[in-house]
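[1] please work out how this folds:
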Amino acid sequence: MLRKNGVRMAVPVAAGVVGLLLGAVAPAEAAPKHQGGVHFGFIQYNGPGADKGSNASRNSEFVQIHNAGRSAVQLQGYKVRDKNGWTYTFRSLKIGAGKTVTLRTGSGRNTATNVYWDHRYRGRAAYVWNNSGKETATLYNAKGKSVDSCSWKGKGHASKAESVNCH
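    So this is what the prediction gives:
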């Protein structure tokens, strides 16, 4: 408390208390979409060039899974599903903290950074993600709980790649 001409002044103390109270009731900032854990990164749902069904063309269609957590996560049993129900289930694969795994639609040899869906429809190699119209990718953990989803509306360009940043 201050004294001015023999009068005690409580203004600075009161102002400080009011400031603390206002800070305590001020609304919190919106939380970021992903605060950690496993989630989608980029999804390239339409590879460059026309869809001719080649393995290279199918592998240019991909989904990135990112681990923003502080420790490695075992992806075995995690699933990626499109809106039509096409589902990829991860086998034993550990994704390190801060690392990304790319799930490609076509065929190939699985590594620590790339896995291959080898998507088939009626016995034939096929694409998964819709190039035009609305599409949604959903990521489920090994217990079947949805941990992330990402939606987009593709334009269906025949000659250029289309992707979405799901971070």
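[2] which helix or strand in this structure has the lowest average pLDDT?
    The least trusted helix or strand in the chain, going by mean pLDDT, DSSP states H and E, turns out to be helix 11-25, with a mean of 40.
[3] let me see the contact set for the spatially most central residue of the chain.
    In the chain, the residue lying closest to the centroid (Cα atoms, centre = their mean) is F40, at 2.1 Å. With contact taken as Cβ atoms under 8 Å, 6 or more residues apart in numbering, F40 is in contact with 63-66, 137, 139, 148-150, 166-167. Using the backbone N, CA and C atoms, a C-beta is placed for each residue, glycine as well.
[4] ok, 6 Å please
    Residues in contact with F40, defined by Cβ atoms under 6 Å, 6 or more residues apart in numbering, are 148, 150, 166.
[5] shouldn't it be within a strand?
    Yes: per DSSP: H, G, I helix; E, B strand; the rest coil, F40 lies within a strand segment.
[6] quick check: closest non-adjacent residue to it.
    In this structure, F40 finds its nearest non-sequential neighbour in C166, 3.8 Å apart by Cβ to Cβ, 6 or more residues apart in numbering.
[7] give me the neighbour count for that neighbour.
    Per other Cβ atoms under 10 Å, the neighbour tally for C166 reads 21.
[8] now do the contacts for it.
    C166 touches 40, 43, 150, counting by Cβ under 6 Å, 6+ apart.
[9] by contact count, what packs against the one helix or strand V164 maps to?
    Using DSSP states H and E, V164 maps to strand 162-165. Using 3 or more Cβ pairs under 6 Å, 6 or more residues apart in numbering; DSSP states H and E as the contact test, the elements touching strand 162-165 are strand 38-46.
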